[in-house]
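Undergrad: structural data only, the sequence is not supplied:
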């Protein structure tokens, strides 16, 4: 019996306290408080001072969940820039998979605004279900905007199919040897960077 009563109360509560109802109540309280304050201000403040503004004057009310869903486009507007070239410019794509320093993540239309640093890894651009283009990037940044547009700026990038797996394996062995024989911190750091990039490239080509 207690379980059924809890279910009934939970159902009623979830129906009663929707985001729109909660916001409406908060807005009503805010307007009442602001009106009372402005009346008191007019009665007591010197005539040379203008009444203050409130946060509600500058912050628009939050959009309803229905409005948010209706405002999300079907495609992501994606641009991909390199120092010497533009790989993509405002292309409509389904999704982009990005290798971030805090972890790999996917960008879809409606993604929250984000700035993410890139680590060596694969950027996968899903133009549709069948057309997927993959690039290996060394580093850079991804800029994700609230209007479902994204710019990716990479220091270096190469299409994944152009990578020579044998050359990658050879370079990885070379950098490991340099790390072992490093004479100072600079040589050690340079070797570690080479190992990080080559290891990520090695994993990308499936070695």
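TA: Sure, I can see it. Note that the coordinates shown come from a computational prediction; the quantities given were computed from them, not determined experimentally.

Undergrad: contacts for stretch 87-96 next, please.
TA: Where contact means CB atoms under 8 Å, 6 or more residues apart in numbering, the residues beyond stretch 87-96 that reach it are 75-81, 106-108, 123-129, 135, 149-150, 152, 157. Using the backbone N, CA and C atoms, a C-beta is placed for each residue, glycine as well.

Undergrad: out of these, which end up buried?
TA: Neighbour-count burial (16 or more other CB atoms under 10 Å) is assigned, among the contacts of stretch 87-96, to 76-81, 107, 123-127, 135, 149-150, 152, 157.

Undergrad: keep only those of the contacts of stretch 87-96 that are in strands.
TA: Judged by DSSP state E, strands contain the following of the contacts of stretch 87-96: 76-81, 106-107, 123-126, 135, 149-150, 152, 157.

Undergrad: contact partners for residue 83?
TA: The neighbours of residue 83, taking CB under 8 Å, 6+ apart as the test, are residue 155.

Undergrad: let me know the pLDDT of it.
TA: Looking at residue 83, its pLDDT is 91.

Undergrad: now residue 170
TA: Here the pLDDT value assigned to residue 170 is 92.

Undergrad: same check, this time on residue 25
TA: At residue 25, pLDDT is 44.

Undergrad: where does pLDDT dip in this protein?
TA: By pLDDT under 70, the weakly predicted segments of the chain are 1-32, 45-47, 55-70, 207.

Undergrad: again, only using 50
TA: Applying pLDDT under 50 to the chain flags the ranges 1-25, 28-29.

Undergrad: and stretch 157-167, how far apart are its ends?
TA: With CA to CA, to the nearest Å as the measure, stretch 157-167 spans 17 Å from end to end.

Undergrad: what packs against the strand or helix carrying residue 168?
TA: According to DSSP states H and E, residue 168 maps onto helix 165-180. Using 3 or more CB pairs under 8 Å, 6 or more residues apart in numbering; DSSP states H and E as the contact definition, the elements that helix 165-180 packs against are helix 185-204.
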